[in-house]
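S.K.: Just the structure for this:
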Amino acid sequence: MVSDQLTASNIKKRILPLIVFSQFCCTSLWFAGNGIMIDLITDFNLSQSSLGHLTSAVQLGFILGTLTFAILTVSDRFSPSKVFFASAVLGALFNLSMLFDFNNFISLMSFRVLTGFFLAGIYPVGMKISADYYDKGLGKALGFLVGALVLGTAFPHILRGYLYTFSWHYVIIVTSILAITGGLVMIFLVPDGPYRKQSMTLDVSAFSKVFKNSSFRAAAFGYFGHMWELYAFWAFVPVMLKYYTVLHPESQLNIPILSFFIIAIGGLSCVVGGYISQYIGAKKTAYTALLLSCLCCLVSPLMFEVNSIPGFISFLLFWGIVVIADSPMFSTLVAQNADAKIKGTALTIVNCIGFTITIISIQILNTIYNLANTNYMYLLLAIGPILGLVALSKKKS
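M.R.: Numbering: from 1, shown residues only. Purely as a prediction, here's the structure:
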C-alpha cells in the first residue's frame, strides 16, 4: 500500500512539469497575431482596428471549438492526451497559414478563428488531464497550469521584442514548432490519469445538466466576471503603454518587452495563488484577487495621469498579477463541483461561455478606442469583477 502511494506520488511529480511545459508551448499560439500586429497591419494593409478583430477571431474560434467539444463530450469520451496532440498539430498548421503572401484581412481572420478552434482542445483539455491526476491539491496543480497559459500567451510579445531585426515570420514559425513539440510531449509522455472516468456515450444534455448544481453555478458565474476583464486587459496592454507615451511624450518605452512582462508576471501569481489556496481555500483566494483587479480597473484613469514611468509600469505589473491569479481558483471550484463523468465537458462549457464574454468586452473597448481613445474606457472592465464578486459572495462552500 505504501509502495503504491509512493509510486503514485512520484508519477504526479513527474507528470505536472510535462503538462505545464506542453501547455506553455501550445498556448503560445494564442497571441501570436498580437505579438506581430504592427507588422501585419503594415504588410497586409490592415486598419488599426485589426487589433481587436484579430484578437476576437481567436476567441470566436475558441468558443466554437469549446462548444463543439462540449456538445460531443470529446475530452470525456476519448483519451485527453490524444485530443490534446491532434489539436496542437492542427492549431500549429493554421497558425503557419498566416505566412501565405496572398493573405488579406478575411483570410487572416479565418486562420485565427481556426487556430482558436483547436486551442479548445488544448487549454480546457490540459485542465481535464490535470484533474485526472490530482484529486487533492488540484488548486496548486491548476495554478501551475494556468501560469503556463499566461507565459505562453505573453511569449510572442517577447519573441518579437528580441527578434525585431528579423522578419515577423520567425515569430509564427517558432510558436508553431513549440505547439507541435508540446503536443508530442503530451501524447508520448502523459498517459491517461488515474482519476479519469471515461464517458462511453454521447451526452448532448451535459451542456444544461452542469448548471443544475448551485455551487457549480456560483463558481462559473464568478469565472465569467473574471473573463470580462482578463483578455480585454491582455489585448490592450500595448495600447495602454502606447497611450501613456502620447500623454507623456518624454517617455521612451519598449512596448513589446514591457507587454511581455506585464502579462507574464501573472504566471507567477497563478503559482503563488495555488499555494495560498491550500491554506485559505480556493474561494477566498479567488475573491481577493478579483477584488484587487476590480480596484485596478477603477483607479486606472488616474494612473495614466501619473508622470512617473516606474509608477505607471508598477501599476500595470500589479494589475497583471491580480487579473489572472483567480483563474486557476475558479477552474478548481468548477472541477470540484462537476460530475466526475463529465468533468472535462463541464470545464469546456465554462470556458466556452467565458470566452464568449471576452469577445464582447474586447469589441466594446475596440470600438471606444477607434472612436475616442481615452484612459477612462478601462473603467468598463470593472463591470465583470463586480458581478463576479457578487456571485462568489453567494457561494457558501
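S.K.: drop to CA atoms for contacts and neighbour counts, all remaining ones
M.R.: Fine.
S.K.: May I have the residues that are in contact with the spatially closest residue to residue 237 that is not a sequence neighbour?
M.R.: Closest residue to residue 237 apart from its sequence neighbours, by Cα to Cα, 6 or more residues apart in numbering: residue 259 at 6.1 Å. Applying Cα atoms under 8 Å, 6 or more residues apart in numbering, one finds that residue 259 lies in contact with 154, 157-158, 237-238.
S.K.: ditto for residue 352
M.R.: So residue 352 contacts 62-67 (Cα under 8 Å, 6+ apart).
S.K.: so is the residue most central in space within the chain in a helix, a strand, or just coil?
M.R.: In the chain, the residue lying closest to the centroid (Cα atoms, centre = their mean) is residue 149, at 5.7 Å. Secondary structure state of residue 149, per DSSP: H, G, I helix; E, B strand; the rest coil, is helix.
S.K.: What about residue 246, how many residues nearby?
M.R.: 11 (other Cα atoms under 10 Å).
S.K.: Remind me which helix or strand it belongs to.
M.R.: Following DSSP states H and E, one finds residue 246 within helix 214-247.
S.K.: and after that helix, which helix or strand comes next?
M.R.: According to DSSP H and E, the helix or strand after helix 214-247 is helix 255-280.
S.K.: which parts of that following helix are buried?
M.R.: Buried residues in helix 255-280, counted by 16 or more other Cα atoms under 10 Å: 255-277.
S.K.: Can you list the low-confidence ranges for the stretch 151-300 of the chain?
M.R.: 195-209 (pLDDT under 70).
S.K.: thinking again about what came up before, nearest to residue 211 among the contacts of residue 259?
M.R.: Looking at the contacts of residue 259 and their distance to residue 211, the nearest is residue 154, at 32.4 Å (Cα to Cα).
S.K.: so who does that closest one touch?
M.R.: Residue 154 is in contact with 28, 31, 259-261, 263-264, counting by Cα under 8 Å, 6+ apart.
S.K.: From those residues, pick the one nearest residue 394.
M.R.: residue 263 (30.2 Å).
S.K.: give the contact list for that closest one.
M.R.: Contacts of residue 263 (Cα under 8 Å, 6+ apart): 150-151, 153-154, 234, 317, 320-321.
S.K.: any idea how far it is from residue 95?
M.R.: Relative to residue 95, residue 263 is positioned 21 Å away (Cα to Cα, to the nearest Å).
S.K.: Checking residue 121 next. Helix, strand or coil?
M.R.: coil.
S.K.: That one: neighbouring residues, count only.
M.R.: Counted with other Cα under 10 Å, residues neighbouring residue 121 total 27.
S.K.: cool, residue 49 as well?
M.R.: So residue 49, with other Cα under 10 Å, has 14 neighbours.
S.K.: wouldn't it be in contact with residue 371 here?
M.R.: No: applying Cα atoms under 8 Å, one finds residue 49 not in contact with residue 371, separated by 10.3 Å.
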